[in-house]
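>>> quick check, what structure comes out for this input:
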Amino acid sequence: MAQQSGPVQLQFLGAAGVVTGSRTLLQIGDLKLLVDCGLFQGNKKERKLNKAKRFPFKPSELDAILLTHGHLDHSGYLPVLVKKGYSGPIYATAPTKDITEVILTDSAHIQQEDAKDLNQRRAEAGKKPVKPLYRPKHVRRTMELFQTYTDQEWVTLKEGVKFRFLKSGHILGSASIELVCDGKTYLFSGDIGQQEPLILDSPTRCVRADYVVLESTYGDKLHDKSNSPFQALQEVVNSTFEKGGSVVIPSFAVERAQEIIMLLNDLRREKSIPAIPIYLDSPMGINITELFQKYKGWHNLSDAEAEDLTDNVHIIKSFEDTLHVLDEDSPKQKIIIAGSGMATGGRVLYYLKKLVGDEKNTILLVGHQAKGTRGNKLSKGASEIKIDGQRFPVRADIRQIGSLSAHADQEDLLWCLSAMRAAPERVFLNHGEQDATVALKEKIEQQYGWPVSIAKMDKVYHL
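Predicted structure coming up:
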């Protein structure tokens, strides 16, 4: 008879009651595994959690980290753990490793710049300086720990414990994690995409799991599918063009920017929109776009479509170029895709300052807008937004295309669960705000009759 690995515990150290800071601890006997290690983003209260002591163990005691994908809210705290002594393996798919390196490098530079600006103000006020969470050197040390595996490839952690990645359809390289131990299967969804993503394969559905940890970002919503993203984008561009304005698209660098460029290229090719110049002003987005040309097995774009992601777009690399796009000599009408996706920072803020006050222009939101972000305030009809201490009146048309979301809606999440051949012992809902998790819990209980728990921050669950 095989030796049992020991008692199993599950603990949510992030993304419980919020859609950020994903960190889930799985303990199997003396084996400690962390699924994702994300940065808390969003409002000031949530960001403060990044500086709190949120781990009930020494980083050196951790045996392995399993990374579902490279978004900052899933990978952004890795360098802190490494800085504090973690030196074990970080398991991920190859695209996730490359995307994580781009995102963490960008994050380290932003933190250094933010700390520098803040310390200038603190010095004037006679306060002690603050340090960034990590620096580029910590990112480099982090990347040395990565071990990559492909989709569906089993990886043995120790005798009787193995896992594999399953494509999740969220972003390039994203995957759910199926872990098997002592005859029990544990499924960690990571972030799941829609049933039929625009440029990725559909999520791989798991047919058996004893315990499921499921994201619930849109657990209470259905994406508007009455209009295809193609038609919705066509209408926004044409209506703005007729008014003589420009379209500003705050965009996530990974997946969303590439989807929008593909759609715009198709629309221009069909002459469904005018030949307005398109600008991609996101240094990180440019790097990610090049990865689509490297990892052809992880998306459904043709070689020509992958090349078009950079060939038919004006790539903005320097801040001087950003200012040129905004000056009087640049085309009066244009489409600008710029980070960040929730308008919390990045180059898009310079465009908003200049263009949000003109009713001819359109600000197009194309992804999840977390509470407290500028994007969320715009989506709720704010009459003004605050940027760098200044208030800017909102006169531009604010539009949103929900069907472009990289997250599954309630229907998609239920579809993912529908492949299960037997009821799990329990489903845990994380990565969702209260309304979303409560609505999805009720729907799963009603439709399948399965036991469902809403993840509580720091609570230990004995499985």
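
>>> for the longest helix along the chain, what is the distance to the chain centroid?
Identified as the longest helix of the chain according to DSSP state H is helix 94-124. Remark: helix 94-124 is offset 17 Å from the chain centroid, using Cα atoms, centre = their mean, to the nearest Å.

>>> okay, buried residues for that helix please.
By 16 or more other Cβ atoms under 10 Å, the buried positions in helix 94-124 come out as 94-108, 111-112, 115. Where you see a C-beta, it was placed from the backbone N, CA and C, and this is true even at glycine.

>>> show me where the stretch 51-200 of the chain has its strands.
Ranges of strands within the stretch 51-200 of the chain are 64-66, 90-92, 146-148, 155-158, 161-167, 175-181, 184-188, based on DSSP state E, counting those that start in this stretch.

>>> can I get the ones you listed in JSON lines with mean pLDDT, distance to Gly346 and mean neighbour count?
Formatted as JSON lines, the strands of the stretch 51-200 of the chain follow (pLDDT from 0 to 100; distance: least, Cβ to Cβ, whole Å; neighbours: other Cβ atoms under 10 Å):
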{"stretch": "strand 64-66", "mean pLDDT": "98", "distance to Gly346": "27", "mean neighbour count": "24"}
{"stretch": "strand 90-92", "mean pLDDT": "98", "distance to Gly346": "25", "mean neighbour count": "25"}
{"stretch": "strand 146-148", "mean pLDDT": "98", "distance to Gly346": "26", "mean neighbour count": "16"}
{"stretch": "strand 155-158", "mean pLDDT": "96", "distance to Gly346": "35", "mean neighbour count": "14"}
{"stretch": "strand 161-167", "mean pLDDT": "97", "distance to Gly346": "28", "mean neighbour count": "20"}
{"stretch": "strand 175-181", "mean pLDDT": "97", "distance to Gly346": "27", "mean neighbour count": "24"}
{"stretch": "strand 184-188", "mean pLDDT": "97", "distance to Gly346": "29", "mean neighbour count": "21"}
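
>>> quick check: which of those is nearest to Asn312?
Asn312 lies closest to strand 161-167 among the strands of the stretch 51-200 of the chain, at 27.8 Å (Cβ to Cβ).

>>> save the strands of the stretch 51-200 of the chain as a markdown table, and put in distance to Gln234 too.
Output for the strands of the stretch 51-200 of the chain, formatted as a markdown table (distance: least, Cβ to Cβ, whole Å):
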| stretch | distance to Gln234 |
| --- | --- |
| strand 64-66 | 41 |
| strand 90-92 | 37 |
| strand 146-148 | 39 |
| strand 155-158 | 44 |
| strand 161-167 | 29 |
| strand 175-181 | 33 |
| strand 184-188 | 38 |
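
>>> looking at those, which is nearest to Phe241?
strand 161-167 (37.3 Å).

>>> how far off strand 175-181 does the closest one point, in degrees?
In terms of direction (axes from the mean of the first three to the mean of the last three Cα atoms, to 10 degrees), strand 161-167 departs from strand 175-181 by 160 degrees.

>>> contacts for strand 161-167?
Residues from elsewhere that reach strand 161-167 (Cβ atoms under 8 Å, 6 or more residues apart in numbering): 5, 28, 31, 66, 91, 93, 149-157, 174-181, 200-201, 203-204, 206, 298.

>>> one step back: now do the longest helix of the chain, average pLDDT.
Mean pLDDT, helix 94-124: 90.

>>> kindly report the domain assignment for the protein.
8-221+407-462, 229-404 (automatic domain parsing).

>>> lowest average pLDDT across these?
Averaging pLDDT over each of those puts domain 229-404 lowest, since it has a mean of 91.

>>> how about the strands of the stretch 51-200 of the chain, which one is nearest Phe57?
That would be, of those and by Cβ to Cβ, strand 64-66, which comes in at 12.5 Å.

>>> contacts for stretch 243-252?
Residues outside stretch 243-252 that contact it (Cβ under 8 Å, 6+ apart): 236-237, 240, 257, 260, 282, 285, 332-343, 348, 351-352, 355-356, 358-367, 375, 396, 406.

>>> pull out the buried residues from the residues you listed.
236-237, 240, 257, 260, 282, 285, 333-343, 348, 351-352, 355-356, 360-367, 375, 396, 406.

>>> Ala396 touches Leu355, doesn't it?
Yes: with contact defined as Cβ atoms under 8 Å, Ala396 reaches Leu355; the gap is 6.4 Å.

>>> before we move on, the earlier item: quick one: closest of the strands of the stretch 51-200 of the chain to Leu72.
strand 90-92 (14.5 Å).

>>> Tyr91: what's it in contact with?
By Cβ under 8 Å, 6+ apart, the neighbours of Tyr91 are 64-67, 146-149, 155, 163.

>>> what do you get for Thr100?
67, 70, 75, 78, 92, 143, 146.

>>> gap between Ala52 and Val161?
In this structure, Ala52 and Val161 are 30 Å apart, going by Cβ to Cβ, to the nearest Å.

>>> cool, and Ile337?
Distance from Ile337 to Val161, by Cβ to Cβ: 43 Å.

>>> and Asn50, by the same measure?
Distance from Asn50 to Val161, counting by Cβ to Cβ: 30 Å.

>>> just Gly183 next, same as before
Taken as Cβ to Cβ, the span from Gly183 to Val161 is 11 Å.

>>> wait, Leu145 touches Pro79, no?
No: contact criterion Cβ under 8 Å: Leu145 and Pro79 do not qualify, at 10.4 Å.

>>> any idea which element the residue lying closest to Gln194 once chain neighbours are set aside lies in?
Take Gln194 and drop its neighbours on the chain: the residue closest to it by Cβ to Cβ, 6 or more residues apart in numbering is Asp412, 5.2 Å away. Counting by DSSP states H and E, the element that carries Asp412 is helix 410-417.
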